[in-house]
Each structure stands twice: as structure tokens, then as C-alpha cells.
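Sharing a sequence plus its predicted fold:
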Amino acid sequence: MFLFDKTTWKKAQEDYSNSAYLREGIAKLMIPYRIDIKKYNVNFDCFKNRYSYSHKYCQGSTFSMIHLAEDIDLWNLPLGYPDWFYAAFPDVVCWLLTKEGMDVAEQQLGTIDDAEDPNSGKLKVDILKAMVELYLIVKTKKLEVSN
């Protein structure tokens, strides 16, 4: 059984060997959305080994992560999402790659000026959070990696 482990996320948030960007993601996304650390770790391992021809890395991953790793053209994945976002919110990413997801995000978020985090080169955490919120409103589903 997977469990949400706030203590582990808090330790990661306080670990200054992690980037400030990741620590902000933990504070604003992982903890509030109750991302299961074990599911996350399995998904992260699958994602980081996505170019491998072996699917052993994806055993135990969530449905959307397996879809991202096996069915999506990995060379065309959006560059603005950090790896940890793919692992924590693969269902949101899959939805954002659909016409519906792209249309809703564009309609609700419009063109976002100053959307890039200057230190990471990825989308700002607040933008990622807005995308998760849109997904939850439109799809009315529980996040795959949350508990």
C-alpha cells in the first residue's frame, strides 16, 4: 500500500543540496497535492530511463507514466516541464498533450509572460500549479500519484 509521507517530502524540501526550484515544487505541489513518495520514485526511475529499450524501469509505474515512456514521442515532450513534474503529475502532462488540454490551458492561462524560472529554465512552479488546478477542474479525477 502506498502512503503519502509528508515527513519525507519536508526533509527533501529542507535539503539544500536540492535546487531552490525543486524545493519550491515540493512546497507548492508535492505536499499540498499529497504526492505519494513511493509512486513518485517509481515514476521518476521510469522517466529518467525512458530512452532505454528495457521497460523493467517502468514496472509499478502509474498508467500515465507508462504511456509517456512507451507511447509518446519522447523527442517531442515539452521542454518546459521539469523531470520531477513528469514523475509527480504524469496524468496532467498526458492531458496537456491532448488537444483538449492544450485548448483549455491556452484559453485559461493565455500567453504567459515571464513564465520561465530564471534559474532552471523550466516553467515557474506557480504556472505548473495552475495547470494541475485546471486538470482537476476539467477532468474531476484524483491525481494518479496522490494519495
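Yes, it's here. Since the model is a prediction, treat every value here as computed from it, not as a measurement.

Which strands and helices lie in contact with the helix or strand hosting residue 107?
Under DSSP states H and E, the secondary-structure element containing residue 107 is helix 99-109. Secondary structure elements in contact with helix 99-109, counted by 3 or more C-beta pairs under 8 Å, 6 or more residues apart in numbering; DSSP states H and E, are helix 90-96, helix 125-139. Where you see a C-beta, it was placed from the backbone N, CA and C, and this is true even at glycine.

In JSON lines: those helices, plus mean pLDDT and distance to residue 47.
Formatted as JSON lines, the helices and strands packed on helix 99-109 follow (pLDDT from 0 to 100; distance: least, C-beta to C-beta, whole Å):
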{"stretch": "helix 90-96", "mean pLDDT": "90", "distance to residue 47": "8"}
{"stretch": "helix 125-139", "mean pLDDT": "92", "distance to residue 47": "16"}
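
Burial-wise, tell me which of those comes out on top.
Using mean count of other C-beta atoms under 10 Å, the stretch among the helices and strands packed on helix 99-109 with the largest mean neighbour count is helix 90-96, at a mean of 23.

Output that helix as PDB, nothing but the C-alphas.
The C-alpha atoms that make up helix 90-96 are tabulated as PDB, following Å, rounded to 0.1, in the frame of the first residue of the first chain:
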ATOM      1  CA  PRO A  90       2.100  12.300 -15.500                       C
ATOM      2  CA  ASP A  91      -1.700  12.300 -15.900                       C
ATOM      3  CA  VAL A  92      -1.600  16.100 -16.000                       C
ATOM      4  CA  VAL A  93       1.200  16.100 -18.600                       C
ATOM      5  CA  CYS A  94      -0.700  13.500 -20.800                       C
ATOM      6  CA  TRP A  95      -3.800  15.600 -20.600                       C
ATOM      7  CA  LEU A  96      -1.900  18.800 -21.500                       C
END
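
residues in contact with the nearest residue to residue 62 once chain neighbours are set aside?
Excluding its sequence neighbours, the residue lying closest to residue 62 (C-beta to C-beta, 6 or more residues apart in numbering) is residue 144, at 4.3 Å. Contact analysis of residue 144 by C-beta atoms under 8 Å, 6 or more residues apart in numbering lists 39, 62, 63, 64, 65, 90, 91.
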